[in-house]
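Provided below are the primary sequence and the corresponding predicted coordinates.
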Amino acid sequence: MIFFENWESLGKTALLGVLAYGCLIFILRITGKRTLSKMNAFDLIVTVALGSTLATILVSRQTPLADGLVALVMLTCLQYAVAWSSVHSKWVRRIVKSEPTMLFYNGRFLEDQLRRERVVHDEILAAVRNEGIADLAKVEAVVLETDGSLSVIESSKEPKKQTVLANVNPRERT
């Protein structure tokens, strides 16, 4: 019974898989690219919840297809509503999204920020190497983005018309 129960069970799982997967693709196409983005922690949670719901539909004998599809639709509608609200309301945006955090600026590690965000020097160095930069003196900033990725901003000798660091904890720059 561990490896094989019966052909009917396998057929049911295959049929549910095709139907649920097709419905999920349809739902995602309707709700747009943002539904599966990695823009912030909330988006990640929704993506994991969608995957978990799909898995439950496939392998749980107690969950009918219709119930699972309602759960998928509910999750995507809630994600859509929260994303829409965060675009149109500052207070919703503050609740749902974090702010990017400066971790390295003009040749120095910002130790308080590193500690608060639980990032170590080696992770900053790895991000800089990943950008193909061998000298920290060529790095203006390293930013922990809202999706958890590290952005490396190279120093530029040219005057800046508009900086990409405008929304990153300005009080932390010296």
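Here it is on my side, so go on. Residues are numbered from 1 along each chain as shown.

can you give me the helices for the chain?
7-31, 41-59, 65-88, 90-96, 111-117, 121-130 (DSSP state H).

Including distance to Y105, could these go into CSV?
Just so you know, the C-beta spots here come from the backbone N, C-alpha and C atoms, and that holds for glycine as well. Formatted as CSV, these follow (distance: least, CB to CB, whole Å):
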stretch, distance to Y105
helix 7-31, 38
helix 41-59, 24
helix 65-88, 28
helix 90-96, 24
helix 111-117, 9
helix 121-130, 11
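
which one of these lies closest to T146?
Taking CB to CB, helix 41-59 is the member of the helices of the chain nearest to T146, at 7.9 Å.

related to what we said a few turns ago, now the helices of the chain in JSON lines, with mean neighbour count?
As requested, the helices of the chain are exported to JSON lines (neighbours: other CB atoms under 10 Å):
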{"stretch": "helix 7-31", "mean neighbour count": "13"}
{"stretch": "helix 41-59", "mean neighbour count": "16"}
{"stretch": "helix 65-88", "mean neighbour count": "16"}
{"stretch": "helix 90-96", "mean neighbour count": "13"}
{"stretch": "helix 111-117", "mean neighbour count": "13"}
{"stretch": "helix 121-130", "mean neighbour count": "14"}
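
Arrange those in TSV, one row each, with distance to T146 and mean pLDDT as further columns.
Output for the helices of the chain, formatted as TSV (distance: least, CB to CB, whole Å; pLDDT from 0 to 100):
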stretch	distance to T146	mean pLDDT
helix 7-31	20	86
helix 41-59	8	87
helix 65-88	11	90
helix 90-96	10	85
helix 111-117	12	94
helix 121-130	16	96
